[in-house]
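>>> Here is my input; please provide its structure:
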Amino acid sequence: MKDNICGMMAEALNKKDMTSAKAKFDTNGKICLLLNEKRQKGEKIESGEMTIRIKPVTMTVSMKGQYEGTETISTPADEFDCVKVTYSMKVKFFMFSDESQVTEWYAKGVGLVKHEESSRKLGQKMTKTLTKIEN
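Predicted coordinates:
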C-alpha cells in the first residue's frame, strides 16, 4: 500500500516536493486478504485496519468479511473454479467517509478473476472481470 501511494505521489510531485512528502509519510497497521480454498462458507476473513498519514492528512481504511465458498465463474478469458469472498471496506478521509461492499472471486494459479464493488454513500457500482491471460 505504501509503495502504491508513493507511486501516485511521484506522478504528481516534483523531486524536491516528493522528498519532503516522503519525510511526512507514515503507515500503521495492515490489510491482508489471505485466501484458503478449504475455508467453508461463512468463515470469517481476518479483519484489518490501516492508517496512512501524509502530515497533516490522515486516511483510515478498514476491512472485514467472510468466505462464501466456491463458485465457477465464466469470463472472456476462460471458465474458472474460484474461491468467493465478500467484505466491507470502510474509508475515512477528512470529513468524508464511505463504505463499499465488495465481492471477489479468486482462481488458484490465476489470482483475481472478478471484482464487484458498490459504494453506499456515492451510489457507484463497479465490476472488473478478467478478459485475457498472457504468458
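
>>> Now do the contacts for residue 98.
90-91, 119-122 (C-beta atoms under 8 Å, 6 or more residues apart in numbering). For every residue, glycine as well, the C-beta is placed using N, CA and C.

>>> Would you mind measuring the gap between the ends of stretch 123-135?
With C-alpha to C-alpha, to the nearest Å as the measure, the ends of stretch 123-135 fall 37 Å from one another.

>>> what's the spacing between it and its chain's center?
Mean C-alpha position of stretch 123-135 versus that of the full chain (C-alpha atoms, centre = their mean, to the nearest Å) differs by 14 Å.

>>> Quick one: mean pLDDT over it.
With pLDDT averaged residue by residue, stretch 123-135 scores 90.

>>> Tell me the buried residues in it?
Of the residues in stretch 123-135, residue 130 count as buried by neighbour count, 16 or more other C-beta atoms under 10 Å.

>>> who touches that stretch?
If you take C-beta under 8 Å, 6+ apart as the criterion, stretch 123-135 is touched by 75-78, 80, 110, 112-119.

>>> Repeat that for stretch 109-120.
Contacts of stretch 109-120 from elsewhere in the structure, counted by C-beta under 8 Å, 6+ apart, are 73, 75, 77, 80, 82, 98-107, 124-130, 133.

>>> what comes up buried for it?
Judged by neighbour count (16+ other C-beta under 10 Å), stretch 109-120 contains these buried residues: 113-114.

>>> now swap in stretch 41-49 and tell me
Applying a neighbour-count criterion of 16+ other C-beta under 10 Å, the buried positions in stretch 41-49 are residue 45.

>>> Okay then, goodbye and thanks.
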